[in-house]
Structures are given as structure tokens and as C-alpha cells.
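Chemist: With the input below, show me the fold.
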Amino acid sequence: MLRTGIRRLGLYDLFSIFVPGVTIVVGLLPFLPEKTSLGTGGVGAVVLLGFAVGRGVHTAAIWAENAVGGQTHRDRFYDELKQPDTVEPQTISAFLDAFESVYTAVSVEREQPVRADDEDETDDESAGDGRVLANGSGRGDGGVSLYTLVRSYVHIDSRGRSRRFQAIYALHRGMGFATLLLAGVYVLYGGLSMLEILRGTVSYTSYVGTLGLPPLLLVLGPLLVGSVAFGTSRRGTRVHGQYYVQYLISDFLTLYETETMADGDPTVRRPPVTR
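Modeler: Residues are numbered from 1 along each chain as shown. Model (predicted):
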């Protein structure tokens with residue numbers, strides 16, 4: 001039972017949930033009373049809180065990304081199909097052929113790639129081959145997306161290198177949100193210290209309070225570090241988002257070709273190999 005539960009924790013759980021969560025928990029430890037001793041139980045609590053806080057950070061980061069109109073990996077996937085940028089148009093065409101072969105053959109009626117001769121026509125040689133979903137949004141009438149089907153095909157047996165890049169993408173997104181949150185907390189603390197609002201209102205001395213740092217430093221330092229860290233995370237999100245889309249498409253093609261050669265029928269899924 002325990003072994004089964006542990007095996008379900010993959011790279012995505014570690015990178016997108018645990019690491020940002022633990023970063024926030026550890027970053028807030030200096031605000032504990034100076035006489036606090038963690039010990040073994042404290043370390044265990046940090047780990048558990050890391051997963052709990054990380055889940056909230058993960059959800060909040062996705063919400064923030066959507067709220068500010070950021071480009072998600074799903075958006076990048078559809079943009080790459082419609083207007084190839086980092087993947088060769090011939091590869092996109094082969095990918096769509098493989099997708100149609102797999103899912104049309106098994107009668108997935110809720111979503112099928114169709115020719116869109118009357119939508120987004122372009123003479124650009126780098127454009128896709130014209131196959132998009134019926135309403136151009138990546139969703140069919142039944143609400144099942146091409147992106148969801150492709151991810152299911154590739155990741156159902158924990159296969160493909162795209163999972164690694166998706167995890168790193170999520171790590172950068174989560175760490176960007178975590179660093180902004182921590183920077184905001186330290187800036188708030190520094191501002192309250194400058195105004196001497198904390199004096200007399202907090203009944204204990206924290207670790208950070210014993211350092212005797214100038215309040216102005218507690219404001220400017222986190223702003224600088226948070227800005228640099230956030231900028232780095234945003235660049236990492238963009239780069240690894242592109243890698244993820246490239247490998248998701250190539251993983252699908254590779255698995256399709258492998259199963260076609262092995263079974264003679266790409267619609268017949270072979271059971272996963274247990275090691």
C-alpha cells in the first residue's frame with residue numbers, strides 16, 4: 001500500500017508541488033521565535049507542510065497565469081499546430097496524420113481534426129497544414145480536447161521525455177510565484193519595521209529580528225532578489241514550455257511508430273511493462 005502510494009509521486013509532484021511548497025515553508029521559518037528548535041519532528045512537519053502549501057501554490061500559480069493572460073503549455077501546443085515555430089511543418093503534418101489514424105480508428109467522435117479551409121487561411125510557408133479543430137479552440141463538441149487525448153496517449157504508462165520538461169516548466173512557474181510571495185512577505189515585514197508598527201504588537205523575537213538588519217535592507221533586498229528570481233523563472237517557463245511541446249509531439253510520433261511496428265495496429269495498446 002505504502003509502496004504503491006510512493007510510486008505515484010512522480011517528477012511533476014516533486015517539482016511543481018513539493019519544491020515550491022518547501023521553499024515557502026523554509027522561507028518563513030525565520031519568522032518563528034528565536035528559541036524554536038525543529039528537530040526530527042520539525043523536519044517532518046516541514047516536509048508535510050511543503051506538500052500542503054505546494055498544492056496551494058500550484059493552484060494559485062495556474063490561476064495567476066490565466067488571470068494575467070499568460071501563455072500556458074496548452075496554448076503553446078495549439079499555437080505550434082496552427083503556426084509551427086519550433087517544430088518542422090512536416091513533423092506537424094505527420095503528427096496530425098498519426099493522431100487521425102489512432103483516434104478516428106477508435107471512433108472518438110467527440111473530437112476529430114478537420115480541414116479548416118475557411119479559417120485562418122495563410123500563404124505563409126511556415127504555417128501548419130490547415131488541420132485544426134472544428135471551432136479552432138482545441139475543443140470538440142463533446143468537450144474533449146486534442147491536447148488531452150495526446151497527453152493521455154503519451155503519459156498513460158509514464159512514458160515519454162515530455163513529462164520531464166512539463167515538470168520543469170511547472171517548477172519554474174511555481175518557483176516564480178513562490179519567490180514573489182516570499183518577497184512580498186519580507187517587504188511587508190521591512191515596511192512594518194520601518195514604521196515601528198511591530199514594536200509592542202509581537203510578543204516574541206524572531207530569528208530575523210535577532211539579525212539586526214536595517215528595515216530598508218529588508219525592503220530593498222527582497223525586492224531585488226524577488227525580481228531577479230521571478231525574471232529567471234519566467235524565462236525558464238517560456239523555454240521549457242517550448243521544449244515540452246516539442247517532446248510531446250515527438251513522443252506521440254515515436255510511440256505511434258513503435259506500436260505500429262510492434263502490433264501492426266496503432267489502435268491496440270500494449271500493456272505497460274512492469275519492472
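
Chemist: Would you map the strands across this protein?
Modeler: All strands of the chain, identified by DSSP state E, fall at 114-115, 131-132.

Chemist: Pick out the shakiest of these, pLDDT-wise.
Modeler: Least confidently modelled of the strands of the chain is strand 114-115, at a mean of 35 by mean pLDDT.

Chemist: For Gly226, grab the count of nearby residues.
Modeler: Using other Cβ atoms under 10 Å, Gly226 has 20 other residues around it. Glycine gets a C-beta too; all of them are placed from N, C-alpha and C.

Chemist: Quick check: Ala183 touching Pro222?
Modeler: Yes: between Ala183 and Pro222 there is a contact at 4.2 Å, judged by Cβ atoms under 8 Å.

Chemist: just for the stretch 101-250 of the chain, where's the confidence low?
Modeler: 104-144, 157, 200 (pLDDT under 70).

Chemist: let's see it at 80
Modeler: 103-145, 156-160, 196-205 (pLDDT under 80).

Chemist: Quick one: residues in contact with stretch 174-187.
Modeler: 15-17, 19-21, 23-24, 27-28, 31, 54, 57-58, 60-61, 64, 218-219, 221-223, 225-227, 229-230, 233-234, 237 (Cβ atoms under 8 Å, 6 or more residues apart in numbering).

Chemist: Now do the domain split for the protein, please.
Modeler: 2-72+162-262, 88-157 (automatic domain parsing).

Chemist: With distance to Glu80 as extra columns, can I get the ones you listed in CSV?
Modeler: Shown next, in CSV, are those (distance: least, Cβ to Cβ, whole Å):
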stretch, distance to Glu80
domain 2-72+162-262, 5
domain 88-157, 7
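
Chemist: Out of those, which is closest to Lys82?
Modeler: Of all the domains of the chain, domain 88-157 sits nearest to Lys82, with 5.3 Å by Cβ to Cβ.

Chemist: If you count residues, where's the longest helix of this structure?
Modeler: Looking across the chain with DSSP state H, the single longest helix is helix 215-263.

Chemist: Give the other helices and strands that that one contacts.
Modeler: Counting contacts by 3 or more Cβ pairs under 8 Å, 6 or more residues apart in numbering; DSSP states H and E, helix 215-263 is packed against helix 73-82, helix 89-105, helix 146-155, helix 162-194.

Chemist: Kindly recompute the last result at 10 Å.
Modeler: Other helices and strands packing on helix 215-263, by 3 or more Cβ pairs under 10 Å, 6 or more residues apart in numbering; DSSP states H and E, are helix 39-67, helix 73-82, helix 89-105, helix 146-155, helix 162-194.

Chemist: Enumerate the positions of the first one that are buried.
Modeler: Within helix 39-67, the residues that qualify as buried are 46, 49-51, 53-55, 57-58, 60-62, 65, counting by 16 or more other Cβ atoms under 10 Å.

Chemist: Quickly note the distance from the closest residue to Gly191 other than its chain neighbours to Ala183.
Modeler: Closest residue to Gly191 apart from its sequence neighbours, by Cβ to Cβ, 6 or more residues apart in numbering: Val219 at 6.0 Å. Taking Cβ to Cβ, to the nearest Å as the measure, Val219 falls 10 Å from Ala183.
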